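1. Quick check, what structure comes out for this input:
(chains A and B)
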Amino acid sequence: MKVKKSRDWYIFQAISITVLTLGALIAVFPFVVIISGSLSDNELIARTGYSILPKGLTTAAYRTILRIPQSLLTAYRVTIVNTVCGSLIGLLCMSMAGYALSRKDFRHRNVISFLIYFTTIFGGGLVPWYIMIANTLSLKDNLLALCLPLLMNPFMIFLMRTFIANNVPDSIIDSCRVDGAGEFTIFFRIVLPLIPSALATIGLFLGLMYWNDWYMSSMFISSPAKFELQFYLYNMLSGFEAFKQMNSAAIAESVAVPSETVKLAMAVFVTGPIILLYPFVQKYFIAGITIGAVKG
Amino acid sequence: MKYKKYAAYYLMLLPAIIFFIVFNYIPMSGIYYAFTRFSFTGGLFGSPFVGFENFKYLFKSGTLLRITRNTVLYNIAFISISNICQVLIAVMISRVAGRVFKRISQSLLLFPYFVSFVILRVLVYNLFNYEFGIVNGILRSGGLPPYDFYNKPFLWPALIVFFYLWKNIGYGTVIYLASITGIDPELYESAAMDGAGTFKQIRYITLPLIKPTFVILFLFSLGSILKGQFELFYQLIGSNGNLFSMTDIIDTFVYRSLTFDFDIGRSSAAGVYQSVFGFILIMAVNTIIKKRNPDYALF
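-> Numbers count the residues shown, from 1 in each chain, chains lettered A, B, ... in the order given. Okay, here's the model as predicted:
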């Protein structure tokens, strides 16, 4: 800024700072509400409702959950195993596919790319997909139903293809071939080490998708011991709502329903890992979004 | 030599090829379900063929019209409002003073994108719940009667659009920001020399130069205007029938008919309708893009 700052500049800064601050506050406000609610006293909430600051600061809700952590731990385990296995296998399959599709000496790459792309613009819809998994593959109430259908998607394969095309020079591949290296050796020894940020980016997108998934559980899983974390929370919420709709005070008192603050504490447990990781991994997400937008 | 190389490429593609055949191409044959009165005992070819009966029913009952209208109107609102907000916010972030402020505001705006829709459900429920929601708490403490949000369909379009923006603003902002960063800084410098202030620079340099990105993103999203934001609607509305008149979209209808009513025929019919018209739309949009600017065509 060699030029003297104009009146325009000050007006612009004032507007921008106001809008961005407001926006950022709106973005985090709900999390403040959840966290402060989870630290509130359930009795007070029931009588006077939530507020932005915790009412009657207490960790009772967390202690309630940690006293009987069995079902929470089971849901955590399902989600963690699913996230880790799904991300690793998906990452391997999609990077191999992305590599093959990025090779200019592979003449069929355009046809195959188009066949993969075509699945995003036309499909049979939800019902045949559901029947395929539930009946044909008979994966109902099977943990594989949580993992397999999300393993790959066209967006990430093309993202990988772009990453590899930009970061792995043809000349390196060719000189390895001259040295007599096989295709798989080249892929594992040369290509993968050249694209660590691509692996991190796509692995994180995939991991996030598995972590946040509730839909697969809702579709295919019937036994609570196999619920994913998000669906476990969802079930807790909607179970309670359905319960209240019956509107029977007598039942409500005789059965222990999760209190409001316990539900919020659960929400903290479910989102906690993402909040903790976010500052460290957001640069990979930003890279992924930017590159993905270049050629959808 | 060449065959060996091709064999290796195909071997690498094998998992992906199997995946898309199993989960996408074989299920396409299930479009046939939409023309049957489906029974699980009969399966694909044992169920009685009824022609267009399922489609006729959906059309005559008014369902098809309602869910199509809702899906299209919501998407138009989502696409136009979010793209405009994203451009404005990206412009602000790109020129606001203070590196740290820039980074933190971008991070915070992007954060909701990474949170699951189940958490969004918790949030919305705690804000608008009749008994102890925060909004009603504020109304009560102001001496006003509480308001039953979950019984007022007309409110929800605005709320749904708001929470869509809440979740997605950051994502598009990243894209526009990348395109703004790509602008040659010399352009701004020479404009400043000629006496153009901040607003003039934005109006005559930034906005025209990101217009192509805007147009392309806008057209792409128009192509998927029949695809609903299923998770958003399902987590906010769930099975609250009071609100369906204003909030039922094709995707929620298909999901409900499949999982609650077990009406495979009608559910598939709605799905096929969405798929076929969506396909036609994308082809149309792509043709338009191709005419205007072949570089940006999808295929």
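
2. Contact partners for B:Asp263?
-> B:Ser257 (CB atoms under 8 Å, 6 or more residues apart in numbering or on different chains). For the C-beta atoms, the positions are set from N, CA and C on the backbone; glycine is no exception.

3. Which pLDDT does the model give it?
-> Looking at B:Asp263, its pLDDT is 86.

4. same thing with B:Gly182?
-> pLDDT at B:Gly182 comes out at 90.

5. how close does it get to A:Ala293?
-> Counting by CB to CB, to the nearest Å, the separation of B:Gly182 from A:Ala293 is 12 Å.

6. the more surrounded of those two?
-> A:Ala293 (19 against 10; other CB atoms under 10 Å in any protein chain shown).

7. Setting aside sequence neighbours, what's the nearest residue to that one?
-> B:Ile175 (4.3 Å; CB to CB, 6 or more residues apart in numbering or on different chains).

8. swap in A:Thr83?
-> In space, A:Thr83 is closest to A:Tyr210, 4.1 Å off (CB to CB, 6+ apart).

9. For that neighbour, which residues are in contact?
-> By CB under 8 Å, 6+ apart, the neighbours of A:Tyr210 are A:79, A:82-83, A:86-87, A:147, A:150.

10. what about it, distance to A:Leu88?
-> 11 Å.

11. Kindly report the same for B:Ala270.
-> 36 Å.

12. If you count surrounding residues, which of those two has more?
-> Between B:Ala270 and A:Leu88, counted using other CB under 10 Å, the more crowded position is B:Ala270 (29 against 13).

13. Pull out the buried residues from the strand or helix carrying that one.
-> Taking DSSP states H and E as the criterion, B:Ala270 maps to helix B:264-292. Along helix B:264-292, these residues count as buried under the neighbour rule (16 or more other CB atoms under 10 Å in any protein chain shown): B:264-275, B:278-279, B:281-282, B:285-286, B:289.

14. if we look at chain A, which of the residues you listed are close to it?
-> Restricting those to those touching chain A (CB under 8 Å from any CB of the partner chain) yields B:264, B:267-268, B:270-272, B:274-275, B:278-279, B:282.

15. now, among those residues, which is nearest to chain A?
-> Nearest to chain A among those is B:Gly271, at 2.5 Å by CB to the nearest CB.

16. okay but the closest one is in contact with A:Trp129, surely?
-> No. Look at B:Gly271 against A:Trp129 with CB atoms under 8 Å: they stay out of range, at 9.1 Å.

17. roughly how far is stretch B:185-197 from the heart of the chain?
-> 38 Å (CA atoms, centre = their mean, to the nearest Å).

18. Is that stretch positioned near chain A?
-> Yes. Counting by CB under 8 Å from any CB, chain A has neighbours in stretch B:185-197: B:192-193, B:197.

19. For the helix or strand harbouring A:Ile45, give the mean pLDDT please.
-> A:Ile45 belongs to helix A:42-48 when assigned by DSSP H and E. Across helix A:42-48, the average pLDDT comes to 74.

20. With stretch A:262-273 instead?
-> 89.

21. Tell me how far B:Phe78 lies from B:Ser221.
-> B:Phe78 is 8 Å from B:Ser221, by CB to CB.

22. what sits up against stretch B:273-293?
-> A:121-125, B:31, B:55, B:58, B:64, B:212, B:216, B:219-220, B:222-227, B:250-251, B:254, B:296-299.

23. among these, which ones are buried?
-> A:121-125, B:31, B:55, B:58, B:64, B:216, B:219-220, B:222-227, B:250-251, B:254, B:296, B:298.

24. Of these, which belong to strands?
-> Of the buried ones among the contacts of stretch B:273-293, none are assigned to strands by DSSP state E.

25. which secondary element of the chain has the worst mean pLDDT?
-> Picking chain A for this. Least confident element among the helices and strands of chain A, by mean pLDDT, DSSP states H and E: helix A:249-254 (a mean of 42).

26. that's the wrong chain, I wanted chain B
-> helix B:43-46 (a mean of 68).

27. Point out where chain B drops to low pLDDT.
-> B:1, B:40-45 (pLDDT under 70).

28. how far away is the most centrally placed residue in chain B from chain A?
-> The geometric centre of chain B, computed from its C-alpha atoms, lies nearest to B:Gln229 (CA atoms, centre = their mean), at 4.7 Å. B:Gln229 sits 13 Å away from chain A, going by CB to the nearest CB, to the nearest Å.

29. contacting residues around that residue?
-> So B:Gln229 contacts B:74, B:78, B:164, B:249, B:251 (CB under 8 Å, 6+ apart).

30. Tell me the spacing between it and B:Ile160.
-> Taken as CB to CB, the span from B:Gln229 to B:Ile160 is 8 Å.

31. With B:Ile169 instead?
-> B:Ile169 is 15 Å from B:Ile160, by CB to CB.

32. again with B:Ala7
-> From B:Ala7 to B:Ile160 the distance is 51 Å (CB to CB).

33. neighbour-wise, which of the two wins?
-> Neighbours per residue (other CB under 10 Å) separate B:Ala7 from B:Ile160, with B:Ile160 holding more: 23 against 11.

34. Which helix or strand contains the more buried one?
-> Assigned by DSSP H and E, B:Ile160 falls in helix B:156-181.

35. Could you check that helix and say which residues are buried?
-> B:156-157, B:159-160, B:163-180.

36. residues contacting A:Met160?
-> A:94-95, A:97-99, A:198, A:202.

37. Go again with 6 Å.
-> A:94-95, A:98, A:202 (CB atoms under 6 Å, 6 or more residues apart in numbering or on different chains).

38. B:Ile183 too?
-> Applying CB under 6 Å, 6+ apart, the residues contacting B:Ile183 are B:Leu209.

39. Give me the distance between it and chain A.
-> 15 Å.

40. Secondary structure element for that residue, which one?
-> Going by DSSP H and E, B:Ile183 is not in any helix or strand.

41. near chain B, anything from stretch A:9-29?
-> Yes. Using CB under 6 Å from any CB of the partner chain, stretch A:9-29 reaches chain B at A:9, A:12-13, A:16, A:20, A:23-24, A:27-28.

42. who touches that stretch?
-> B:92, B:96-97, B:105, B:108-109, B:111-112, B:198.

43. As CSV, those residues with distance to B:Phe49, neighbour count and secondary structure would be great.
-> Supplementary listing: these in CSV, determined by distance: CB to CB, whole Å; neighbours: other CB atoms under 10 Å in any protein chain shown; DSSP: H, G, I helix; E, B strand; the rest coil:
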residue, distance to B:Phe49, neighbour count, secondary structure
B:Met92, 58, 23, helix
B:Val96, 63, 19, coil
B:Ala97, 68, 13, coil
B:Ser105, 58, 27, helix
B:Leu108, 55, 18, helix
B:Leu109, 52, 24, helix
B:Phe111, 51, 20, helix
B:Pro112, 47, 23, helix
B:Thr198, 67, 20, helix
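
44. Could you report the neighbour count for B:Phe69?
-> One thing to correct before we go on: residue B:69 is Arg, not Phe. 12.

45. Show me the shaky parts of the stretch 51-200 of chain A.
-> For the stretch 51-200 of chain A (pLDDT under 70), the answer is none.

46. Please enumerate the helices of it.
-> A:60-67, A:70-102, A:109-121, A:126-131, A:144-147, A:154-167, A:170-178, A:183-185, A:192-194, A:196-211 (DSSP state H, counting those that start in this stretch).

47. do the same with the stretch 101-250 of chain B
-> Going by DSSP H, counting those that start in this stretch, the stretch 101-250 of chain B shows helices at B:117-128, B:134-141, B:156-181, B:185-193, B:198-201, B:207-223, B:230-237, B:244-247, B:250-259.

48. Start and end of stretch A:169-183, how far apart?
-> One end of stretch A:169-183 to the other measures 15 Å (CA to CA, to the nearest Å).

49. dump the residue contacts of whichever residue of the stretch 1-150 of chain B sits closest to chain A.
-> Residue of the stretch 1-150 of chain B nearest chain A, by CB to the nearest CB: B:Gly30 (2.3 Å). Listed by CB under 6 Å, 6+ apart, the contact set of B:Gly30 reads A:124, A:128.
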